[in-house]
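A.B. asks: next come a sequence and a model predicted from it.
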Amino acid sequence: MTRVCLDSNVLVAAFAARGLCADLLSLVLSDHEIIVPEVVADELRRVLTTKLKASAEAISSVEAVLARCEMIPRGDYASPIALRDRSDEPILAAAIHGGADILVTGDKDLLSVARESPIRILSPRAFMTLARGGTL
């Protein structure tokens, strides 16, 4: 079973609207192991509450999904790759530390280092294409 780490931008899109990221989250929850770095979960909560003004009921639903995920606690994990946006380094480092096979993100800085990364970094569309084709 593939261990998949979803970045906060993918999770926000999955919870905020129907579409590709919502389908992706559903697929990962049913067919793969999902890991979520604590830093990603915190960012998800912040965006949903402060930017999107999600209701308490919506946040409760998000928390129920997060409870099904393996959480990777904050730590001093070193990123093997220097990123343009240094705030992305803890996400990559936690995904690697948590044993992710794949990091799914829409973040262009993370996607730009995919070839250098010790784990696969895929866009949501690329992940879904591979998953539907059975080539993950």
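C.D. replies: Sure, I can see it.

A.B. asks: neighbours of the residue nearest to Arg74 when sequence neighbours are not counted, just the number please.
C.D. replies: In space, and not counting its chain neighbours, Arg74 is closest to Glu38: 4.9 Å by Cβ to Cβ, 6 or more residues apart in numbering. C-beta here means a position set from N, CA and C on the backbone, and glycine is covered the same way. Using other Cβ atoms under 10 Å as the criterion, Glu38 is surrounded by 14 other residues.

A.B. asks: for Glu38, what are its contacts?
C.D. replies: 71-74, 94 (Cβ atoms under 8 Å, 6 or more residues apart in numbering).

A.B. asks: all strands for this structure, in order.
C.D. replies: Remark: strands assigned in the chain by DSSP state E are 3-6, 33-37, 70-72, 102-104, 120-122.

A.B. asks: how far out from the middle of the chain is the third one?
C.D. replies: In other words, strand 70-72. The chain centroid and the centroid of strand 70-72 are separated by 11 Å under Cα atoms, centre = their mean, to the nearest Å.

A.B. asks: equivalent analysis for stretch 38-57, please.
C.D. replies: If you compare the mean C-alpha spot of stretch 38-57 with that of the full chain, they lie 14 Å apart, counting by Cα atoms, centre = their mean.

A.B. asks: can you give me the mean pLDDT across stretch 8-19?
C.D. replies: When the per-residue pLDDT values of stretch 8-19 are averaged, the result is 94.

A.B. asks: let me fix that, I meant to ask about stretch 56-73.
C.D. replies: Over the span of stretch 56-73, the pLDDT mean works out to 94.

A.B. asks: now do the buried residues in that stretch.
C.D. replies: 62, 65-66, 69, 72 (16 or more other Cβ atoms under 10 Å).

A.B. asks: also stretch 102-110?
C.D. replies: Across stretch 102-110, burial judged by 16+ other Cβ under 10 Å covers 102-107, 110.
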